[in-house]
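Peer 1: fold the following for me, if possible:
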Amino acid sequence: MTTLQVLEHQRLRIGERRSADELVLGDKEATLLERLLPALPAGICRWEHRAVRFTQHCGVICLGSTVIEVLPKIAGKEQEPGACRDALIGMLNESRELQPATAGNGPVRMQRAVLLDAFVLAFCRELEVQLAQGLLRQYVSHVENLPVIRGKLRVELQLKHNSVHRERLYCEYDELSPDMPLNRVIKGVLQRLSKLPLGARALKHVRELLLRFDGVADVVPSAKMLDAIVVNRTMARYESVLRQCRWFLEGIYPDVTVGANVAAALLFDMNKLFESCVTRAAQRIARGRGLRLHAQGPMKWFARDAATDKQLFAMKPDMTLSDADGTVLLVADAKWKLLDEAEAKWGVAEADMYQLAAYAARYGATQAALIYPKQSSFSVTRALGLHKPALRVQLVPFDVVTRSFHGLSV
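Peer 2: As a prediction, this is how the structure comes out:
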């Protein structure tokens, strides 16, 4: 297996490798990537002349035996793939998208494993925790012609089929069985994972777990199968497992390649992931100060049609902080963008500033914040004062390694 580690927005050349340490994507793998792209979110990469550049989606792309790790660009950590990988996994953990895999009583050192293995190990560990409480089973009804009575006798079938063979009894009975939709989907996901170019440790875990589903029928799983599963009280503990199953079902495409090779992409939109991490960190601040945080809202309308009174232009800031009386104290938006103090206006987009001012005016807040990832050229909060309306805007750095703010004030 070949692993290529690239940072988001880093150029990856396509062609023949010129030196042993050069990152190059082969022509065959580039063709596989091109065939995989229609199944992926739009705009995850940008083609250049004999090169490809990945955008703000980070994660892992598996192209046969070649695995591309697209890692977040953490300022000051660009030369440390392990640190960038750990930052991504930490953000996924903070947003509750991924629970870190553990071995014994301690966490697995994720930087020692490629990202694909890290995702699979985390999934396996979460599944192992649930299976330790027992494999889920449900009652399945059977109707069989038996030598002894079991359950209840089906008289109409007995008269129809056993009028001559009276030594047989047509019975209907219920039996606890692991062969249920949830287990079928999980088994199908494990079978798909076993075809990926995993490391020995991850592959061993997958194969061992497959043995636990020996009595479950083989199916070709899909996201639609997950949608059809009605999660009752006994299945609620599988919520994290099912969420990760959806990752794999929506990201593994066995029909993209021919033969044993499997193409897969497990990618996360860093804009949404960063917003989720910032929101959870802000929630901790709100609890400590007796405030209320509202994520993605509350929704208000910016304007209305004077003729029809129809509401227009829905507004949903990433988060608002309110006091006990419901007065909005601060509106904030999180932006996965690297600022640079050397640039004019630090690289803050005018559209972002105008949008934030519109939010503050509509929600009646006197404070607002634009939150960006912390970096060497942006490590302290900057405060701006708008002329009209009177509004204090903070440009706040957020440390994605420690998942904490540097200077947010309310």
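Peer 1: C-alpha only now, for contacts and for neighbours.
Peer 2: OK.
Peer 1: which stretches of the chain form helices?
Peer 2: For the chain, the helices defined by DSSP state H cover 27-36, 81-94, 115-131, 155-161, 181-193, 200-212, 223-228, 239-251, 270-289, 350-363.
Peer 1: with mean pLDDT and distance to D174 as extra columns, can I get the ones you listed in JSON lines?
Peer 2: Formatted as JSON lines, these follow (pLDDT from 0 to 100; distance: least, Cα to Cα, whole Å):
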{"stretch": "helix 27-36", "mean pLDDT": "87", "distance to D174": "45"}
{"stretch": "helix 81-94", "mean pLDDT": "83", "distance to D174": "41"}
{"stretch": "helix 115-131", "mean pLDDT": "88", "distance to D174": "23"}
{"stretch": "helix 155-161", "mean pLDDT": "87", "distance to D174": "17"}
{"stretch": "helix 181-193", "mean pLDDT": "92", "distance to D174": "17"}
{"stretch": "helix 200-212", "mean pLDDT": "93", "distance to D174": "22"}
{"stretch": "helix 223-228", "mean pLDDT": "89", "distance to D174": "23"}
{"stretch": "helix 239-251", "mean pLDDT": "85", "distance to D174": "27"}
{"stretch": "helix 270-289", "mean pLDDT": "91", "distance to D174": "45"}
{"stretch": "helix 350-363", "mean pLDDT": "92", "distance to D174": "59"}
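Peer 1: in a markdown table: those, plus distance to D333 and mean neighbour count.
Peer 2: Putting the helices of the chain into a markdown table (distance: least, Cα to Cα, whole Å; neighbours: other Cα atoms under 10 Å) gives the following:
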| stretch | distance to D333 | mean neighbour count |
| --- | --- | --- |
| helix 27-36 | 33 | 16 |
| helix 81-94 | 17 | 22 |
| helix 115-131 | 29 | 21 |
| helix 155-161 | 68 | 13 |
| helix 181-193 | 36 | 22 |
| helix 200-212 | 38 | 16 |
| helix 223-228 | 32 | 13 |
| helix 239-251 | 26 | 19 |
| helix 270-289 | 8 | 19 |
| helix 350-363 | 7 | 17 |
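Peer 1: report the contact partners of the residue nearest to A75 when sequence neighbours are not counted.
Peer 2: Closest residue to A75 apart from its sequence neighbours, by Cα to Cα, 6 or more residues apart in numbering: Q375 at 4.8 Å. By Cα atoms under 8 Å, 6 or more residues apart in numbering, the contact list for Q375 reads 74-76, 338-339, 397, 399.
Peer 1: farthest residue from the center of the chain?
Peer 2: V164 (61.4 Å; Cα atoms, centre = their mean).
Peer 1: look up phi and psi at it.
Peer 2: Here is the backbone geometry of V164 (degrees, to the nearest 10): phi -90, psi -50.
Peer 1: residues contacting it?
Peer 2: Contacts of V164 (Cα under 8 Å, 6+ apart): none.
Peer 1: report the separation between it and T3.
Peer 2: Separation of V164 from T3 (Cα to Cα, to the nearest Å) stands at 69 Å.
Peer 1: just for the stretch 301-410 of the chain, where's the confidence low?
Peer 2: Residue ranges of the stretch 301-410 of the chain with pLDDT under 70: none are present.
Peer 1: run the last query once more with 90
Peer 2: For the stretch 301-410 of the chain, the stretches with pLDDT under 90 are 324-326, 337-347, 366, 374-391, 400-410.
Peer 1: I'd like the distance from stretch 359-379 to the chain centre, please.
Peer 2: Using Cα atoms, centre = their mean, to the nearest Å, the mean C-alpha position of stretch 359-379 is found 25 Å from that of the whole chain.
Peer 1: what's the span of it, first residue to last?
Peer 2: Note: stretch 359-379 ends 25 Å apart using Cα to Cα.
Peer 1: what do you get for stretch 383-400?
Peer 2: Stretch 383-400 end-to-end distance (Cα to Cα) = 21 Å.
Peer 1: so what touches it?
Peer 2: Counting by Cα under 8 Å, 6+ apart, residues outside stretch 383-400 touching it are 87, 91, 278, 357, 360-361, 365-375, 378-382, 404-408.
Peer 1: same question, stretch 72-84
Peer 2: By Cα under 8 Å, 6+ apart, stretch 72-84 touches 5, 7-8, 56, 58, 71, 85, 87-88, 110-112, 270, 374-376.
Peer 1: biggest separation within these, which pair?
Peer 2: R112 and S376 (26.1 Å; Cα to Cα).
Peer 1: from memory A286 sits against A295, does it?
Peer 2: No: between A286 and A295 there is no contact under Cα atoms under 8 Å: 11.9 Å.
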